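Chemist: give me the fold of what follows.
(one chain, ligands or ions: 4)
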Amino acid sequence: DKARAQGMSAFNFPEVEAGVDADHHVAEGYDADVLLRWGDRLFPDAPEFDPAAQTEAAQERQFGYNNDFVGFIPLDGAADRGLLVVNHEYTNEHLMFPGIVTIEDGEIAVADATRERVDVEMAAHGGTIVEIRKEGGKWRPVLDGALNRRITAKTEMQMSGPAAGHDRLKTSADGTGTRVFGTINNCAGGVTPWGTYIMAEENIHGYFTGELPADHPEAANYERMGIPGGDYQWGRYHDRFDLAAEPNEPNRFGWVVEVDVMDPTSVPKKRTALGRFKHEGAESVVAKDGRVVFYLGDDERFDYVYKFVTAAAFDPEDRAANMDLLDDGTLHVARFDEDGSMVWLPLVHGEGPLTAENGFDSQADILIETRRAADLVGATPMDRPEDIQPNPQTGRAYVMLTNNTRREEVDAANPRADNAFGHIIEILETDGDFTAATGTWEILVQCGDPSVAEVGATFSTETTKNGWFGMPDNAAIDAEGRLWVSTDGNSMAGTGRTDGLWAVDTDGDARGTSRLFYRVPVGAEMCGPCPTADLTTMFVAVQHPADGGDDWEGHGRPSYYEDLSTRWPDFDEAMPVRPAVVAITRQGGGRIG
Ligand code: FEO
Ligand code: CA
Ligand code: CA
Ligand code: CA
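Modeler: Ligands and ions are numbered 1, 2, ... in the order given. Okay, the predicted model is just below:
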């Protein structure tokens, strides 16, 4: 538009003041309305949320915990009616269940797990698909929507693609290696051009306990993924999460899951062609020749950036023809070179070092141990790759690299040692072709406080004291090609600000200018920015409010059920703090931002 042509900012809204308090805040002139909270009813027969009497059966009919990715799939092409798809990444038991936390002499203890509690947690994981409608300018869930569905850690799923049925995926419950139950730790995700919902499985290691049998062939594979790790107690009650009982079960997690939302009885598919690692998300774009490209981050210090290119082209006229596009294609991993060029290295069995001599007997082995394959081809170890967002209008893609305080040796693409605040890389694919095997890249911005020289932040000088941020995590490109970035970890890092949603200019003189549009309550992380195609709504997900820890200046209140730093969004002593999805609209209607 005109402003951008003149090199000015593509955004025009009054900036929110950065800070920390118990409530959320949006730019003046906008409304931020809570749309769905943990425990909200999703079906006509769903029970009302009762925090003191939680059950698995109730939770299976209610909105889950820790909303992360948010997508909007219009129904019948309507702008005011569609399906909201939301990932429920993980559970915070100390914030969910009253009376389980005790503090004695400053020592915090959480009561031992019970089967009932574990089953509630499993039902609070997964995803929600719910019809929503806009009436009188406000969105509301439609409880009798025919397509409403909860997906949980127990939902039946199918393994598909090159690794399906492989011996390494077989368990005592499933001798076929194709039938698996549930999806876990679904962080970011995506909506495909054919309208399916993508749920990425990220930190799966934390759900497995117990010890692998001695000299088990999966030992190195699991070590590379940090399995076992974390402190979920699911393995006590469900053998499949106990490595001693089911040593192959972890190979059935760490995939990208695709859900056909138009059929509430459809069996979600774990698409093995996209590899197995700590998948942050899977945002996609249709390339010039019709093939579809998915950008994939592996969120671990020193892990990699990937892209998957489908073998066949997307058919916009025939939805059914696209339903297995994700089973056939080429997975690539990125090498970022010092001169600003880059190469997408294919991970294909028989090519280069990806042979039987290195323990890869087939493409299935490469997909099950994607990280090891990527190590061997010489990918560039990155500062925790999170969401990667392509811009279909420009042939570029934006990589959120959230932080890496363990980095000692730097390189051009990860230029700061002890990188506490992260950075954003802009990839320009050769000829603007998303399927390209090569490209160039630039750092859009090194994050952190520009007023502290040692931090080395590179926001533009137009960026105000409210406008800078650290720890970029999720991102969206809106219908006008503008970049929105949400963050994870600012309140924990003592930045004097909570996480939030920032509008970041990518073009012209304003490039590298950031401003704060919305900020979350204390302790929360900002997830899922989802602008609608008509730009009249921005959906955001407020994750784990009140869980900011107690080690940051001036706000050192512990985040336990009885003594919370916030009771957002209800501010009712009878209610726990609750993660929730918020719909942001302009007062009186109109374009966001
Ligand atoms: Fe679930 Fe990488 O954040
Ligand atoms: Ca996150
Ligand atoms: Ca994160
Ligand atoms: Ca995104």
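Chemist: C-alpha only now, for contacts and for neighbours.
Modeler: OK.
Chemist: residue 253 - how many residues pack around it?
Modeler: 29 (other CA atoms under 10 Å).
Chemist: what's it in contact with, if anything?
Modeler: 183-184, 201, 204, 276 (CA atoms under 8 Å, 6 or more residues apart in numbering).
Chemist: can you pull out the strands in the stretch 301-450 of the chain?
Modeler: Ranges of strands within the stretch 301-450 of the chain are 301-303, 305-313, 329-336, 341-346, 382-383, 385-391, 396-401, 423-429, 438-446, based on DSSP state E, counting those that start in this stretch.
Chemist: quick one on the thing from earlier: relative to ligand 4, which of the contacts of residue 253 is nearest.
Modeler: Among those, residue 201 lies closest to ligand 4 (CA to the ion), at 14.8 Å.
Chemist: tally of neighbours for the closest one?
Modeler: By other CA under 10 Å, 27 other residues sit near residue 201.
Chemist: run through the bridge partners of it.
Modeler: residue 186 (DSSP bridges).
Chemist: pull the CA atoms of stretch 101-116 into CSV?
Modeler: Extracted as CSV, the C-alpha positions of stretch 101-116 are listed here (Å, rounded to 0.1, in the frame of the first residue of the first chain):
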residue,chain,number,x,y,z
VAL,A,101,0.9,-28.5,46.1
THR,A,102,2.4,-28.0,49.6
ILE,A,103,5.2,-25.7,50.6
GLU,A,104,7.2,-26.5,53.7
ASP,A,105,10.2,-24.5,54.8
GLY,A,106,10.3,-23.1,51.3
GLU,A,107,10.4,-26.5,49.7
ILE,A,108,7.7,-27.1,47.1
ALA,A,109,6.1,-30.6,46.9
VAL,A,110,3.5,-31.9,44.5
ALA,A,111,1.4,-34.8,45.7
ASP,A,112,2.1,-38.1,44.0
ALA,A,113,0.1,-38.8,40.8
THR,A,114,-3.0,-40.8,40.8
ARG,A,115,-4.6,-42.6,38.0
GLU,A,116,-7.5,-40.2,37.9
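Chemist: mind listing what's buried in that stretch?
Modeler: residue 101 (16 or more other CA atoms under 10 Å).
Chemist: one step back: most neighbours among the contacts of residue 253, which one?
Modeler: residue 183 (31 neighbours).
Chemist: still on that earlier bit, tabulate the contacts of residue 253 in a markdown table, adding columns for distance to residue 590, secondary structure and pLDDT.
Modeler: Formatted as a markdown table, these follow (distance: CA to CA, whole Å; DSSP: H, G, I helix; E, B strand; the rest coil; pLDDT from 0 to 100):
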| residue | distance to residue 590 | secondary structure | pLDDT |
| --- | --- | --- | --- |
| 183 | 37 | coil | 98 |
| 184 | 37 | coil | 98 |
| 201 | 36 | strand | 98 |
| 204 | 41 | helix | 98 |
| 276 | 42 | coil | 98 |
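Chemist: the stretch 1-150 of the chain: helices as residue ranges?
Modeler: 2-5, 56-59, 93-96, 115-124 (DSSP state H, counting those that start in this stretch).
Chemist: can you redo those helices as a markdown table with mean pLDDT and distance to ligand 4?
Modeler: Shown next, in a markdown table, are the helices of the stretch 1-150 of the chain (pLDDT from 0 to 100; distance: least, CA to the ion, whole Å):
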| stretch | mean pLDDT | distance to ligand 4 |
| --- | --- | --- |
| helix 2-5 | 61 | 23 |
| helix 56-59 | 98 | 27 |
| helix 93-96 | 88 | 27 |
| helix 115-124 | 98 | 22 |
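Chemist: now render the ones you listed as TSV, adding distance to residue 297.
Modeler: Listed next are the helices of the stretch 1-150 of the chain as TSV, based on distance: least, CA to CA, whole Å:
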stretch	distance to residue 297
helix 2-5	30
helix 56-59	30
helix 93-96	27
helix 115-124	25
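Chemist: tell me which of the strands of the stretch 301-450 of the chain approaches ligand 4 most closely.
Modeler: strand 385-391 (5.7 Å).
Chemist: got the angle between the closest one and strand 305-313?
Modeler: Between strand 385-391 and strand 305-313, the angle comes out at 40 degrees (axes from the mean of the first three to the mean of the last three CA atoms, to 10 degrees).
Chemist: adjacent strands (with direction) for strand 385-391?
Modeler: strand 396-401 (antiparallel).
Chemist: how about the strands of the stretch 301-450 of the chain in CSV, adding distance to ligand 4, mean pLDDT and mean neighbour count?
Modeler: Output for those, formatted as CSV (distance: least, CA to the ion, whole Å; pLDDT from 0 to 100; neighbours: other CA atoms under 10 Å):
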stretch, distance to ligand 4, mean pLDDT, mean neighbour count
strand 301-303, 19, 98, 18
strand 305-313, 15, 98, 23
strand 329-336, 19, 99, 23
strand 341-346, 21, 98, 19
strand 382-383, 18, 98, 28
strand 385-391, 6, 98, 29
strand 396-401, 10, 98, 26
strand 423-429, 13, 98, 24
strand 438-446, 17, 98, 21
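Chemist: so which of the ones you listed comes closest to ligand 1?
Modeler: strand 385-391 (5.2 Å; CA to the nearest ligand atom).
Chemist: that closest one and ligand 1, any residue contact?
Modeler: Yes. Against ligand 1, strand 385-391 shows contacts by CA under 6 Å from any ligand atom at residue 386.
Chemist: how far off centre is that strand?
Modeler: Its chain's C-alpha centre and that of strand 385-391 lie 10 Å apart, by CA atoms, centre = their mean, to the nearest Å.
Chemist: shaky segments in the stretch 1-150 of the chain?
Modeler: 1-6, 106 (pLDDT under 70).
Chemist: quick one: contacts for the residue of it found nearest ligand 1?
Modeler: With CA to the nearest ligand atom, the shortest gap between the stretch 1-150 of the chain and ligand 1 falls at residue 89, namely 7.0 Å. Listed by CA under 8 Å, 6+ apart, the contact partners of residue 89 are 65-68, 125-126, 184-187.
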